[in-house]
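**Q** no sequence for this one, just the structure:
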């Protein structure tokens, strides 16, 4: 929580500007060890000023009125400080001074930059990226309520400490669709989105300083998870009693044999089906994430799933090639399927795309350049991550084989020794 601020007011006379035995009176306001002087537009005879009492020692009507004026200004300045606190605005010396002189200035908040970003920048973003920004903004709102008990926060209040507290808050978050806390990379992605929005506000001169100036967000390299052939077979061949699980299983298997992501799969329509150069069915589409053209020659298992839902009432209503189910429901049902199939991995829909790249394609000799084209990657280096995974698996498999051979040789050696004896 934020620590309480220390505010004080001191009246003094500016001796260096004294003239004719009179000096101008100033109010020095102090907030958290910062000071600012305000001219009160009043003068007093130097010999009548009591620096300890900060008042005039005179007894005539002018001096009595001056002391009353100083009492009023003292109260006004404290009142403006309290108003800023109650209104939830930035408590700064400049804002107190502006209130004192009746100046008004637009103070932009997080909700202001959210609205501006969503109105001006959303049209340039892919639908999934728009969704992720919405999620990040909601996490920021939850953080404000949890940490400060507020619905909004002024941009001028943001500092490095705010960023650190937000990071700490995110690391304790447990999303509804995910039983564990947010992982490091997910936390960094949310912070990066906030950083982009605040940087936009900084470039538009809504704030004087960028609180992210000294913050370094780092992403940890992650090994791509995938289903090995035996787990894929378990899911394919399991007799599922519930139609909702079977439909989700079909979407997942379709992705395992095409590499098409969830976001692209749910947008497929019959118009995306084409007869390719080999005279067989192909999927021709564009990746929602990067706009790259994707052409996928369909394997028999993928064709069978398309045939299964051809003319299905739900697909006709949504005008899609396959059943349209929300991402949250898909991942929720996949966890049920994994449990029923005794698959111990954390099965999510994106695992299907990784499984296509590794188990289905690269492990069966498909050139990495072809895999990259099918996945719609912009760079071959992105696809090479899967190749490293396959190489690591080959290495592990070879090590297991080596261990088995050594055990067999040990048994044979023991048998030979015992037989000799």
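**A** Cool, the structure landed. Note that the coordinates shown come from a computational prediction; the quantities given were computed from them, not determined experimentally.

**Q** which residue is nearest the middle of this structure?
**A** residue 190 (1.5 Å; CA atoms, centre = their mean).

**Q** Sketch out the low-pLDDT regions of the stretch 201-350 of the chain for me.
**A** 223 (pLDDT under 70).

**Q** correction: the stretch 1-150 of the chain
**A** The model of the stretch 1-150 of the chain has pLDDT under 70 over residues 1-4, 103-105.

**Q** which residues of it fall in strands?
**A** 7-13, 22-31, 34-45, 49-50, 55-56 (DSSP state E, counting those that start in this stretch).

**Q** so how far is the second one off the chain centroid?
**A** Right, the one you point to is strand 22-31. When C-alpha coordinates are averaged (CA atoms, centre = their mean, to the nearest Å), strand 22-31 and its chain have centres 47 Å apart.

**Q** ok so, going back, excluding chain neighbours, give the residue nearest to the residue nearest to the centre of the chain in space.
**A** Once flanking residues are discounted, residue 190 sits nearest to residue 136: 4.6 Å by CB to CB, 6 or more residues apart in numbering. (Each C-beta comes from the backbone N, C-alpha and C, glycine too.)

**Q** So the one you found sits against residue 193, correct?
**A** Yes. Residue 136 is within contact range of residue 193, at 4.2 Å (criterion: CB atoms under 8 Å).

**Q** Give the rounded mean pLDDT of stretch 398-418.
**A** Per-residue pLDDT over stretch 398-418 has a mean of 72.

**Q** sorry, back to before: figure out which of the strands of the stretch 1-150 of the chain is closest to residue 85.
**A** strand 7-13 (9.3 Å; CB to CB).

**Q** Now that closest one: buried residues?
**A** Counting neighbours by 16 or more other CB atoms under 10 Å, one finds that the buried residues in strand 7-13 are 7, 9, 11, 13.

**Q** Out of those, which is nearest to residue 384?
**A** residue 7 (59.5 Å).

**Q** tell me the contacts of residue 269?
**A** Residue 269 is in contact with 319, 320, 321, counting by CB atoms under 8 Å, 6 or more residues apart in numbering.

**Q** Can you tell me which of these are buried?
**A** Applying 16+ other CB under 10 Å to those flags 320, 321 as buried.

**Q** Of the contacts of residue 269, which is the nearest to residue 158?
**A** Lowest distance from residue 158 to these (CB to CB) belongs to residue 320, with 43.2 Å.

**Q** wait, is that closest one part of a helix?
**A** No. Counting by DSSP: H, G, I helix; E, B strand; the rest coil, one finds residue 320 to be coil, located in no helix.

**Q** Need the contact partners of stretch 55-64.
**A** Against stretch 55-64 from outside (CB under 8 Å, 6+ apart): 11, 44, 45, 48, 49, 50, 66, 67, 70.

**Q** mind checking which helix or strand the residue lying closest to residue 155 once chain neighbours are set aside is in?
**A** Sequence neighbours aside, residue 207 is the residue nearest to residue 155 in space, at 4.6 Å (criterion: CB to CB, 6+ apart). According to DSSP states H and E, residue 207 maps onto no helix or strand at all.

**Q** how far away is residue 207 from residue 16?
**A** Noted for residue 207: a distance of 35 Å to residue 16, by CB to CB, to the nearest Å.

**Q** Looking only at neighbour counts, state which of these two leads.
**A** Comparing residue 207 with residue 16 by other CB atoms under 10 Å, the one with more neighbours is residue 207, at 20 against 7.

**Q** I'd assumed residue 156 was in contact with that one.
**A** Yes. Residue 207 is in contact with residue 156 according to CB under 8 Å; the separation is 6.0 Å.

**Q** Now list whatever residues contact both of the two.
**A** Residues touching both residue 207 and residue 156 (CB under 8 Å, 6+ apart): residue 108.
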